[in-house]
Every structure is written in C-alpha cells, then in structure tokens.
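A.B. asks: When you get a sec, could you give me coordinates for this:
(2 chains)
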Protein chains: 2
Amino acid sequence: MTTTNHPTKWIVRNGVFATGEREGVVRGCMIVDGDTIAYIGTEEPEDARDLPSIDGKGLLFMPGLVNSHGHTAMSLLRGYGDDMVLQEWLQTKMWPMEAKFTSDDVYWGSSLSIVEMLKSGTTTFLDMYDHMDRVAEAVVQSGMRASLTRGVIGLCSQQEQDDKLNDAISFAKNWHGQADGRITVMMSPHAPYTCPPAFIERFVQAAHDLDLPLHTHMSETAAEVEQNVREYGLRPVAHLEKLGFFSRPSMVAHAVHLTDEEIAMLAANRVAVSHNPGSNLKLASGVAKVPQLLKAGVVVSLGTDGAASNNNLDMFEEMRLAALIHKGVSGDPTAVPAAEALRMATLHGAQSLYLDNLGTLEAGMKADFVALDIEQAHFLPRTDYVSHLVYSAAGQDVRHVWVDGIQIVKNRECLTLDEEKIRFEAQSAFEGLLAR
Amino acid sequence: MTTTNHPTKWIVRNGVFATGEREGVVRGCMIVDGDTIAYIGTEEPEDARDLPSIDGKGLLFMPGLVNSHGHTAMSLLRGYGDDMVLQEWLQTKMWPMEAKFTSDDVYWGSSLSIVEMLKSGTTTFLDMYDHMDRVAEAVVQSGMRASLTRGVIGLCSQQEQDDKLNDAISFAKNWHGQADGRITVMMSPHAPYTCPPAFIERFVQAAHDLDLPLHTHMSETAAEVEQNVREYGLRPVAHLEKLGFFSRPSMVAHAVHLTDEEIAMLAANRVAVSHNPGSNLKLASGVAKVPQLLKAGVVVSLGTDGAASNNNLDMFEEMRLAALIHKGVSGDPTAVPAAEALRMATLHGAQSLYLDNLGTLEAGMKADFVALDIEQAHFLPRTDYVSHLVYSAAGQDVRHVWVDGIQIVKNRECLTLDEEKIRFEAQSAFEGLLAR
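C.D. replies: Numbers count the residues shown, from 1 in each chain, chains lettered A, B, ... in the order given. Below is the predicted model of the structure:
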C-alpha cells in the first residue's frame, strides 16, 4: 500500500471522539497529517478551513483497538471443537489439524482473521504462530499494524530447536520495521512448559542481540503452574525471572494463576500482561486477577487468543468481558470501570506491544482510529459514550477504519482486501485440512 | 398489524436451519403456513413447488430469541450510571429518575428497546414495569410477541397496595391474549424484599383467579437473602413456597444465591428461572449456579434485565455469557455447551413464559424466527453453526425477523416502526427527565 490518492492533511468535522486519554468525549474536530494526528479539539483551527474534510455526523470515533495476543491462522479451526476438556481438545482436535497446516493455510487463515479484526475495529494485533512470512504478507496487503512473533515450542531435538530459533531470528531480521514501520517483531518461546530453560535463555539472548521485546504464554492453567513447580522448583514468574526473561521488555499472555508475590514481581519488572478473558472462560482456565494487577500498576491489555478458543476476534467483546467478569467474581461493581476497559483495549495494548505514540486520539499520536455508527438504538440516550462503547457496542457497529491515516475500511467494506475471495479460500483451506 | 399482503403459505428454500430442537442443523427448506411452521426438512415436498418463496442462500435461520426478564422502559437510563455500588446507583441514579417517568417516557423507552431487541433477533420478551398499557401499545405496533407484567412494589400504604394490585388485575383482564394472542400477561409482585408477605399472597390469589402465571425477582443479591432470613426466618425459596407462590406456574428472575436445597425445591415445584448473566456480573451480584440448576432439571432461560444494568438487549451476548462464565467459574469446559445455551435463549425462554408451541423450528410451532447473514468472516469455516451462533455471532448479524409468520425486520430495517422517530423521541424523553 502507498499513500497515493490520500490527501496528506485532512480534517474530520462534527465528530464525537472518545479519545481514550481523558474522561468523557471531545465534540469537535480532528486533523490528520500524514500518518499522525495533528490536532483534536472543540475549536477548529483557523488554518484548517480549506482542508479536505469528512463529516463526522452520526459517528463516534475512538482509537483503533489493539488485540495483544492471538494466533490468527487458527480461525481456520473456529467451531471445529468446542465444549471439550482442554487436553482432549488439544490432542484430538487442534494439534492433529495444526500439524497439517501449510504456509498457504496460515496465509488464508490469517487473512480471514485480518478481515474479521479490521471490520470489528482492531487496527493492531499480535500474532504468535508459524509460517510468519505469510502472516507478514497478509499484514502488508491489509494495511493493518501488527506485532509478529514466531512462536516456538522447544520439546524437540537440539537440531530442531536450532532451526526454529534461527527461523525466529531471520524472521525478525527480515521483518522488524517493515511496511512503513507497521510491522514490528517480538521473540516468543511458546511457554515455560513447552520450552526447556536453556532454550528460553537462548531466546532471551537473541532478544538482547536483536534489541526486541519478548513474549510468551504464562500461567494459563493451574496444571501448568503445578508442573513448573514440580519440574523446576519455581512458579512460572520466578522461573522466567531466573532465566533473565524480564531483563528485556516483555509481555506475557494469560497470567491467570498468580500469587500476590508474583503480581508484585511482574510490577517490579514492568512486565506487561495480555488478559484474554473470553478464551480463559471458554477453556475453563479460570479468571485472572485483573483488579489486583491493575492496582499493582501492571500494564494489562486485552487479547482474543485464537478464534478456536474464543470464538471470534471482536475486541469489543473482550472489553465488555473484562469490565463485567471482574465485577461479578469479586463482588465489587466498581472493579474495571468502562474507561479502564477501554484503555486496556487501546493504549495499554500499544504499550504491551512496546509501540510508541499509539493508542489514544491525541496530537502526535499515530492516526489509527475507527468510527462507529451511533445512529442506532443501543447508543441512546446520549449519556456516556465510553460506557456505550464498552457495555453496549459490538464490532459490527464499526463503519470506517483508518491506519496510519489511511482509510482501509469504508462503510464496512475492506478497501485493501478481497473479502469474498478470502472467505472462499479459507473455507477451501479448511476442507483441504479435513481431507488430508 | 394485519396479515394483509402476506401470503398465507410460503417457503424458504436453500436455507440452513439451526432448529434448536435437534443436534446440528437442517439444510433444506421450511414451509410457513399462516402463523405456523408447517414443514421443515431436507427434501422439499412435491406440492410445495408453486408456493411463493424466499431464497435462504447465505442465511442461517434460527428460532426467534426469547428475552425472559427485563424492564424495557429503562433503556432511557442506559449509561446514566455505571460502575457504581448498587445502593448508590439505585438511590442517586435510578430511583430519582424512574420516579419522574411518565407514561410517555415508558412508551418511548419501551419502543427504543423493542427496536433494539427486534434488530438483534429477539422476537419475544418479558417486561415487568409500570404504565404497562403503553408498553402493550408499543408491542401491538411492533408486531412482536411479549409477556407483560405490571411489576408492583408493596412498600406503601394499604390504599396504594390496593390501587397497584387493581391496576395489575385490570391490565391482565384488558390485555391477556390480545394482539392475535401475541400479548400474554403474568402477575408480578416485584420481589420478596419489596413486598410484604400478605401482599404477595394477594397476588397469588389474583393469579389463581385469572389463571395466570406468576413472576418475581428472587435472590438476586446475598444481602436480600440475608434480609429475608432476618425478617421472615426463611430463605426466599422457602418463603415464596410458604406463601403459595409455587402453587401457580411461576418463574423467578436472577436466582443467583441458592443453596442445594433451594435448587431441589425449585425443581420439585417446577419453577422456571430467568438467568441474567450480564446484569448479575455488571451489578456484581454474583454468578448463578446454572450448571446445578440445569442438572436438577430446572427450566433455565435467559434475560437481559433492563438496559441500565446490562447495557444492551442483545440476547446473543447473554447466550455467550451463559456459555462462557459457568465454564470459567466452575473449571469445567463442558459446562453449558453451545446447544444448551441456544435452548436457554429459545425453547426454555418460551417455556419460562408458559407459551406453548414456541421456541424451536419444527412443524406445528409458531413461525417466530430470524435469519442471520453468514457470509461474514466470523461464520467461517462452516464447521458447527450452533457453536458459531453462540460463540461467534452478535445481534447485528441478524438480517431478517419474522413473528407469527409475518416479516417485521427486513435487511436490518424495522418494517413496523419508525426507527428514526423512536430514537429522536427517546432522546427527547431522556432530556425531559433530566430537565424536570
């Protein structure tokens, strides 16, 4: 994608903006200059009079959503196994199919996910998977922003470990900073329970060498925490700290089963957490201690996880789940208020992926934002739009999407991708997997 | 509404039907005769060849959703107070505004809710509120189906109690069975903690006299259960049983705080339960013991409660919450599987409202059904459409809605109501409440 045919400077007039940065909303205008928000405010600057403009009437603007943990290719397995015990689900459903995934399957599965994410207002996502060149290819085509990581399971021979690590390193070298900077890379040993300590240490070293952040699954289930204690004498947080993981900027997914000491350690080490409420509930992993993590000052963002365990990639649903379940489980109706849930899905998402100048609607921030159609019953009355975004909205309310100031969804159609072809090819890929 | 311009007998061809009655889906056709489903099956009957038809390609049909507990007028207070402690929310936000509600406010608030419900696939709802004549008026205009109840708080003088009970009785006499039978009535003392025992007994008597079912709030919070024990020496289930409540067909909303004995008593008395997961989480009331209720054989349906404590009326969200939270909280990923959640939102909803021949797509059932647009990324691959309905879909995926065989939403537009006017009037009503 190039910026051809896009004015370099333009203005949204008559808009309502949930900036994600301050309380309430701004009613007024926003000026975009290239890939950056140049101005947002109630008053229109005098020199803006002749700018190309769009009319924001009937639209609510918000920062693009950041999905901080997922496996996009797994949308190919959506609905292929549900309501099952975790190990049976993995062993009889997921792993046999995933073992057959070709790079084309990854490309079409990821493309399907990208369509779904874009149309539900997600502008940035983290993806941890295999065949990452093909995911990067889909990202480039889409115009979306992504933090991509080659997720590596280390339960294999030394030679295979070497090959996988080298694959992750060369992916990072080839892709970090590509697509006008929209693609960044993290280094990802899959999890403490799937990677021997020495292998994790090699990832830490590689992250140092490449100056990249680290990402991993951690403490998703009670069983894996117990296993960690059994095998290494430590719970996962202390284990990762001992291996030097937190010497790099790092972000862990799930973090469902934590002690108070572990929460303090994560905060002290500035480790960000991707909270995946939908997946954690569906797989019966448990309910993460999000209010405590937030209180300790941990940056908590939101992720959908893969579509096989969610089963959609709608970040509005994750926002709402995050705002609802911690109230219901703690008994405190003030837990995770709407503005906090919105921040988790936007600014904290960007911070979790170590992306600067992203996640709010403020001058100087990247022009990644979405517009919702609020001329609908569930956005009335016009009381509190942040509440409406978190408690009432759904991804299908998103009408337009911009990334780096470039519109990539217009009136619910992807401008950059052939949606019909992607749906067809994704279905064919699934049928191919079944047949092989 | 009349059936003028509607063919009495017609057929949907090339459809996928999640019948709600059997496993999986039926691919084929459905014949509607007047207000009834005459046939559904893979093979098209020979004599159907010349019937007027619609093409079901790209659509997934399912029974219309049944929202078994709510207060539709409260959509006027959506977003007016969130993330607050319950008593403060009620005392500083809800009650002062509700005290000002006129019958016009109820009409426009209910109309707003009806638009939202219809467009998200709900074809039947229960409403417990005041000024019920105006709700009935909105129901008649909409073409929707509803179980309407005058909810009565009895913490008042004998004279006021008499007036309220008489209002409930005359509403029942005037409206039960109206609108071609689409409107039915239940008798509703608001809750054991807001109605003295003698007043509840008068409602039970009235329900006997009128041959109507009973509905009430029960055991929503731990505090109200403790209060019941303090004041009457019994927990709410035993208290209601003692007052003869369960001598009528009855349905209770919430039922969050139950002992095993209470669950057994509900089952033995065939009391239906409306589970309101979104509201219970948002108000931090707790998590109802739904797996145990289902195991005991209790009919458990789903309700949104009012939009002020939800904050939308999307039953797809309640289905998903019901399917997700009980897994996460119990640690059992097989708890409330997708097909069970779908039944809770359809057939069990109809049973909870004591409506016969409603809630599945089967020959002989009322022709209340909806069609979703499944040519979207989140409905792929075509694995398990029941899973997709529960775990992936949202209300905005609903494209068409029929009640009694008559189409009332077409391409996401209400055919029976002036949506723009309703949005305008609802906003005006809210502003009027603020100003008074």
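
A.B. asks: For the residue nearest to A:Thr149 when sequence neighbours are not counted, give me its contacts.
C.D. replies: Using Cβ to Cβ, 6 or more residues apart in numbering or on different chains and skipping the chain neighbours, the partner closest in space to A:Thr149 is A:Ser188 (3.8 Å). In this view, the C-beta of every residue, glycine as well, is placed from N, C-alpha and C. Contact analysis of A:Ser188 by Cβ atoms under 8 Å, 6 or more residues apart in numbering or on different chains lists A:Met128, A:Thr149, A:Arg150, A:Gly151, A:Val152, A:Ala168, A:Phe203, A:Leu214, A:His215, A:Thr216.

A.B. asks: Kindly report the same for A:His215.
C.D. replies: A:His69, A:Leu126, A:Met128, A:Thr149, A:Met186, A:Met187, A:Ser188, A:Ser250, A:Met251, A:Val252, A:Ala253.

A.B. asks: And A:Phe316, how far from A:Pro96?
C.D. replies: 33 Å (Cβ to Cβ, to the nearest Å).

A.B. asks: sorry, back to before: which of the contacts of A:His215 fall in strands?
C.D. replies: For those, membership in strands holds for A:Leu126, A:Met128, A:Thr149, A:Ser188, A:Ser250, A:Met251, A:Val252, A:Ala253, with DSSP state E as the criterion.

A.B. asks: Name the residues linked to the fourth one by a beta bridge.
C.D. replies: Right, the one you point to is A:Ser188. Counting by DSSP bridges, A:Ser188 forms beta bridges with A:Gly151.

A.B. asks: Write out the residues of the stretch 151-300 of chain A neighbouring chain B.
C.D. replies: A:Gly278, A:Asn280, A:Leu281, A:Lys282, A:Leu283, A:Ala284, A:Ser285, A:Gly286, A:Val287 (Cβ under 8 Å from any Cβ of the partner chain).

A.B. asks: Kindly recompute the last result at 10 Å.
C.D. replies: A:221-222, A:256, A:277-288 (Cβ under 10 Å from any Cβ of the partner chain).

A.B. asks: was I right about A:Glu317 contacting A:Gly303?
C.D. replies: No. Contact criterion Cβ atoms under 10 Å: A:Glu317 and A:Gly303 do not qualify, at 11.8 Å.

A.B. asks: got any residues that touch both of the two?
C.D. replies: Shared contacts of A:Glu317 and A:Gly303 (Cβ atoms under 10 Å, 6 or more residues apart in numbering or on different chains): A:Pro277, A:Gly278, A:Asn310.

A.B. asks: Could you list which of those residues belong to helices?
C.D. replies: Secondary structure from DSSP state H places A:Pro277, A:Gly278 of the shared contacts of A:Glu317 and A:Gly303 in helices.

A.B. asks: what ranges of chain A fall below the confidence cut-off?
C.D. replies: A:1-6 (pLDDT under 70).

A.B. asks: One more pass at 90, please.
C.D. replies: For chain A, the stretches flagged by pLDDT under 90 are A:1-7, A:21-24, A:85-87, A:90.

A.B. asks: just to revisit the earlier point, so can I have JSON lines of the shared contacts of A:Glu317 and A:Gly303 showing neighbour count?
C.D. replies: As requested, the shared contacts of A:Glu317 and A:Gly303 are exported to JSON lines (neighbours: other Cβ atoms under 10 Å in any protein chain shown):
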{"residue": "A:Pro277", "neighbour count": "29"}
{"residue": "A:Gly278", "neighbour count": "28"}
{"residue": "A:Asn310", "neighbour count": "29"}
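
A.B. asks: Quick one: the shared contacts of A:Glu317 and A:Gly303 as a markdown table, columns for distance to A:Gly432 too.
C.D. replies: Listed next are the shared contacts of A:Glu317 and A:Gly303 as a markdown table, based on distance: Cβ to Cβ, whole Å:
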| residue | distance to A:Gly432 |
| --- | --- |
| A:Pro277 | 33 |
| A:Gly278 | 28 |
| A:Asn310 | 23 |
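
A.B. asks: who's more crowded, A:Phe316 and A:Pro96?
C.D. replies: Per other Cβ atoms under 10 Å in any protein chain shown, whichever of A:Phe316 and A:Pro96 has more neighbours is A:Phe316, with 26 against 11.

A.B. asks: Can you give the domain ranges for chain A?
C.D. replies: A:9-64+A:360-414, A:65-352 (automatic domain parsing).

A.B. asks: residues contacting A:Gln376?
C.D. replies: Listed by Cβ under 10 Å, 6+ apart, the contact set of A:Gln376 reads A:Gly58, A:Ser392, A:Ala393, A:Asp397, B:Val115, B:Glu116, B:Lys119, B:Gln396, B:Arg412, B:Glu419, B:Arg423.

A.B. asks: Assess the claim that the third one and A:Ala345 are in contact.
C.D. replies: Read that as A:Ala393. No. Assessed by Cβ under 10 Å, A:Ala393 is found out of contact with A:Ala345, at 11.3 Å.

A.B. asks: tally of neighbours for A:Met84?
C.D. replies: When counting by other Cβ under 10 Å, one arrives at 16 neighbours for A:Met84.

A.B. asks: Sorry, slip of the keys, the one I care about is A:Tyr232.
C.D. replies: For A:Tyr232, using other Cβ under 10 Å, the count is 17.

A.B. asks: And it, how far from B:Asp209?
C.D. replies: Distance from A:Tyr232 to B:Asp209, by Cβ to Cβ: 72 Å.

A.B. asks: ok so, going back, can you pick out the residue with more neighbours from A:Glu317 and A:Gly303?
C.D. replies: With other Cβ under 10 Å as the criterion, A:Glu317 and A:Gly303 differ in neighbour count, and A:Gly303 comes out ahead with 29 against 25.

A.B. asks: separation between that one and B:Ser53?
C.D. replies: A:Gly303 is 45 Å from B:Ser53, by Cβ to Cβ.

A.B. asks: same deal with A:His326?
C.D. replies: 50 Å.

A.B. asks: Just want to know which of these two has more residues nearby.
C.D. replies: The neighbour count for A:His326 versus B:Ser53, taken as other Cβ under 10 Å, is higher for A:His326 (25 against 17).

A.B. asks: how about whichever strand or helix holds that one, does it reach chain B?
C.D. replies: Assigned by DSSP states H and E, A:His326 belongs to helix A:315-330. Yes. Using Cβ under 10 Å from any Cβ, we find that helix A:315-330 touches chain B at A:Phe316, A:Glu317, A:Arg320, A:Leu321, A:Ala323, A:Leu324, A:Ile325, A:His326, A:Lys327, A:Gly328, A:Val329, A:Ser330.

A.B. asks: Helix B:315-330 and that helix, what's the angle between them?
C.D. replies: Helix A:315-330 runs at 50 degrees relative to helix B:315-330, counting by axes from the mean of the first three to the mean of the last three Cα atoms, to 10 degrees.

A.B. asks: Pop out the phi and psi values for A:Ile183.
C.D. replies: Dihedral angles of A:Ile183 (phi, psi; degrees, to the nearest 10) stand at phi -100, psi 130.

A.B. asks: For it, which residues are in contact?
C.D. replies: Applying Cβ under 10 Å, 6+ apart, the residues near A:Ile183 are A:135-136, A:139-140, A:144-148, A:174-177.

A.B. asks: mind listing the strands for the stretch 101-250 of chain A?
C.D. replies: Secondary structure of the stretch 101-250 of chain A (DSSP state E, counting those that start in this stretch): strands located at A:122-129, A:145-152, A:183-185, A:188-189, A:214-218, A:250-254.

A.B. asks: sorry, back to before: most neighbours among the contacts of A:Ile183, which one?
C.D. replies: In the contacts of A:Ile183, the most neighbours by other Cβ under 10 Å go to A:Val135, 32 neighbours.

A.B. asks: pretty sure that one is in contact with A:Leu112, am I right?
C.D. replies: No. In terms of Cβ under 10 Å, A:Val135 does not count as a neighbour of A:Leu112; the distance is 11.9 Å.

A.B. asks: Need the residues touching each of these two.
C.D. replies: Common neighbours of A:Val135 and A:Leu112 (Cβ under 10 Å, 6+ apart) are A:Thr72, A:Ala73.
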